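[1] Structure for the following, please:
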Amino acid sequence: MVDVYSQHARRFFDQYQQLKFDDVHAQWLPHLLNTPGFIQGP
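    Numbering: from 1, shown residues only. So this is what the prediction gives:
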């Protein structure tokens, strides 16, 4: 049995690639560090 994603992976990929990173990840973007690095836990 082939799942829907496997049948349409290329189409889903092409649609995703047309989106802006900030639009796709807007909800968690404010939680990212301003500079690359590791977050240290408590």
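[2] Which other helices and strands does the longest helix seen in the chain contact?
    Secondary structure of the chain read by DSSP state H shows that its longest helix is helix 4-17. Under the contact definition 3 or more C-beta pairs under 8 Å, 6 or more residues apart in numbering; DSSP states H and E, helix 4-17 sits against no other helix or strand. Any C-beta I mention is one placed from the backbone N, CA and C, and that applies to glycine too.
[3] Let me see the mean pLDDT of it.
    Helix 4-17 shows a mean pLDDT of 94.
[4] Averaged pLDDT, whichever helix or strand comes after that helix. What do you get?
    Later in the chain than helix 4-17, the nearest helix or strand by DSSP states H and E is helix 21-24. On average, the pLDDT along helix 21-24 is 90.
[5] so how far is helix 21-24 off the chain centroid?
    Remark: helix 21-24 is offset 8 Å from the chain centroid, using C-alpha atoms, centre = their mean, to the nearest Å.
[6] Offset the numbering so it begins at 706, please.
    Sure thing, new numbering starts at 706, so read that last one as helix 726-729.
[7] So which residues make contact with that helix?
    721, 734 (C-beta atoms under 8 Å, 6 or more residues apart in numbering).
[8] With just CA atoms, put it into PDB.
    Taking Å, rounded to 0.1, in the frame of the first residue of the first chain, the C-alpha atoms of helix 726-729 are listed here in PDB:
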ATOM      1  CA  PHE A 726      10.500  30.400   5.500                       C
ATOM      2  CA  ASP A 727       9.200  33.200   7.800                       C
ATOM      3  CA  ASP A 728       5.600  32.400   6.800                       C
ATOM      4  CA  VAL A 729       5.900  28.700   7.400                       C
END
